[in-house]
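Undergrad: Please find the sequence and the predicted model below.
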Amino acid sequence: MSVMAAGTGRRVSFTGLYAFLATVIMFFAAFTSAMVVRRGASKDWKGTPAPALLWVNTAVLALGSAAVEKARRDLRAADRRKFNIGWTMATLLGALFIVGQIVVWRQLRQSGVYLNSHPGSAFFYVGTVAHAVHLAGGWIAMLYLNVRALRLQLGPGRRTAVDVTAIYWHFLGLLWVYLLWLFQFWGNA
């Protein structure tokens, strides 16, 4: 592939990423708007209790984001061994976050908080599940790149995929912090 074609492919990849991020932002903006309207529309709003594991999951996601960024820098420095270690760590932390979220949902169910318990719980489940679905997509991309890297099949052409996946992962981390604020500090007020 020529240098010009590689640059075009990189631009197309980033344009696609940014277009997708715009749709995700629009989805969660509409979600927030619906939550604001529903919370203010009636007196039956109750917040959803935050299991302590939510904060642990937040730390896991932050550590995963840091590992992704470190791995990406290691790849730029042509240190494949460090990249493989960092990217594998980030992939494992991403899986741990998803498992942690499943545990949070089970803890809520065990404490009697279900999707249909009240409007606050419905918004909590829908928002966190929507985030988990987006995160699972990013995690699958991370896993794919991880397998390719460990098989030594991650050549220069795949570095764009690493960059796009890393940016998406960072975005999901920021989105999670926003959702946590939305549910715990505004939704429970």
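TA: Nice, thanks for sending it over.

Undergrad: Spit out the contact partners of the nearest residue to Ala149 once chain neighbours are set aside.
TA: In this structure, Ala149 finds its nearest non-sequential neighbour in Asn84, 5.3 Å apart by CB to CB, 6 or more residues apart in numbering. Quick note: C-beta positions are derived from backbone N, CA and C, even for glycine. For Asn84, the contacting residues are 146, 149-150, by CB atoms under 8 Å, 6 or more residues apart in numbering.

Undergrad: how about the helices of the protein, start to end?
TA: According to DSSP state H, the chain carries its helices in the segments 3-41, 53-76, 80-110, 119-150, 159-181.

Undergrad: and of the ones you listed, who's closest to Asn188?
TA: Of all those, helix 119-150 sits nearest to Asn188, with 7.6 Å by CB to CB.

Undergrad: now the angle from the lowest-mean-pLDDT helix or strand in the chain to helix 159-181?
TA: Ranked by mean pLDDT, DSSP states H and E, the helix or strand of the chain with the weakest confidence is helix 3-41, at a mean of 90. Relative orientation of helix 3-41 and helix 159-181, computed by axes from the mean of the first three to the mean of the last three CA atoms, to 10 degrees: 10 degrees.

Undergrad: Go through the contacts of Asn84 and name the one nearest Trp176.
TA: Of the contacts of Asn84, the one sitting nearest to Trp176 (CB to CB) turns out to be Asn146, at 21.0 Å.

Undergrad: For the closest one, the count of nearby residues, please.
TA: Asn146 has 23 neighbours, counted by other CB atoms under 10 Å.
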